[in-house]
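**Q** for reference, the sequence and a predicted model appear below.
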Amino acid sequence: MLPFFRKKRHLTPEEDQRIIAAIRKAEERTSGEVRVFVESKNPMVDPVDRATEIFHLLKMHETHHRNGVLIYVAVKHRELAIYGDEGIHQMVGSDFWHREVQTMLGHFKKNEMVDGVIHCIRDIGEVLAEKFPFIPGEDKNELPDDIIFGH
């Protein structure tokens, strides 16, 4: 566990495993990295600002191809954001992230948070595989696949 985050469960163990499995599957075909951060409340005003802060605290900007993506969820505040590093952002642009947020919000409104996150992970994995395909012998899993839980 990272020293600046407390481990607080916001998901069941089964939901954890479903999300982790989706991350691993998405990363099989790409050098890109996907992480999920879940906390109760966003301590900032803007969820994008919080996602940006966490992205850098987790050192996700240090991936070789700058193709890390963070999915941020504040459960009680019902907020979310997606932050993609400059390598992937240059390839897909703001419209892609906006569509993914809207897709997740649609799931969240139906009380399907985990399904929304998994759907988003799959879509991000597809675009990462297209833009940053896995290169055998060269690529490695640069970041852990576990979910990070905040306050």
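**A** That came through fine.
**Q** which positions within stretch 138-151 qualify as buried?
**A** Within stretch 138-151, the residues scored as buried using 16 or more other C-beta atoms under 10 Å are D139, E142, L143, D145, I147, I148, F149, G150. In short, each C-beta sits where N, CA and C put it, glycine included.
**Q** from those residues, which ones fall inside strands?
**A** Among the buried residues of stretch 138-151, the residues falling in strands (DSSP state E) are I148, F149.
**Q** report the lowest-confidence entry in the buried residues of stretch 138-151.
**A** Within the buried residues of stretch 138-151, D139 has the lowest pLDDT, namely 78.
**Q** centre of the chain to the lowest-mean-pLDDT helix or strand in the chain, how far?
**A** Every helix and strand in the chain was compared by mean pLDDT, DSSP states H and E; the lowest is strand 148-149, with a mean of 90. Taking C-alpha atoms, centre = their mean, to the nearest Å, the mean C-alpha location of strand 148-149 is offset from the chain mean by 11 Å.
**Q** then stretch 123-135?
**A** 14 Å.
**Q** what residues sit buried inside it?
**A** Within stretch 123-135, the residues scored as buried using 16+ other C-beta under 10 Å are D123, I124, G125, V127, L128, A129, K131, F132.
**Q** what packs against the longest helix along the chain?
**A** Using DSSP state H, we find that the single longest helix of the chain is helix 86-109. The contact analysis (3 or more C-beta pairs under 8 Å, 6 or more residues apart in numbering; DSSP states H and E) places helix 86-109 against strand 68-74, strand 79-84, helix 113-131.
**Q** give me that answer again for 10 Å
**A** Here helix 86-109 touches helix 47-57, strand 68-74, strand 79-84, helix 113-131, going by 3 or more C-beta pairs under 10 Å, 6 or more residues apart in numbering; DSSP states H and E.
**Q** thinking again about what came up before, quick one: the buried residues of stretch 123-135 as a markdown table, columns for pLDDT too.
**A** Putting the buried residues of stretch 123-135 into a markdown table (pLDDT from 0 to 100) gives the following:
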| residue | pLDDT |
| --- | --- |
| D123 | 98 |
| I124 | 98 |
| G125 | 97 |
| V127 | 97 |
| L128 | 97 |
| A129 | 96 |
| K131 | 96 |
| F132 | 95 |
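**Q** hmm, back to that, adding distance to K25, write the helices and strands packed on helix 86-109 out as JSON lines.
**A** Output for these, formatted as JSON lines (distance: least, C-beta to C-beta, whole Å):
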{"stretch": "helix 47-57", "distance to K25": "22"}
{"stretch": "strand 68-74", "distance to K25": "15"}
{"stretch": "strand 79-84", "distance to K25": "18"}
{"stretch": "helix 113-131", "distance to K25": "7"}
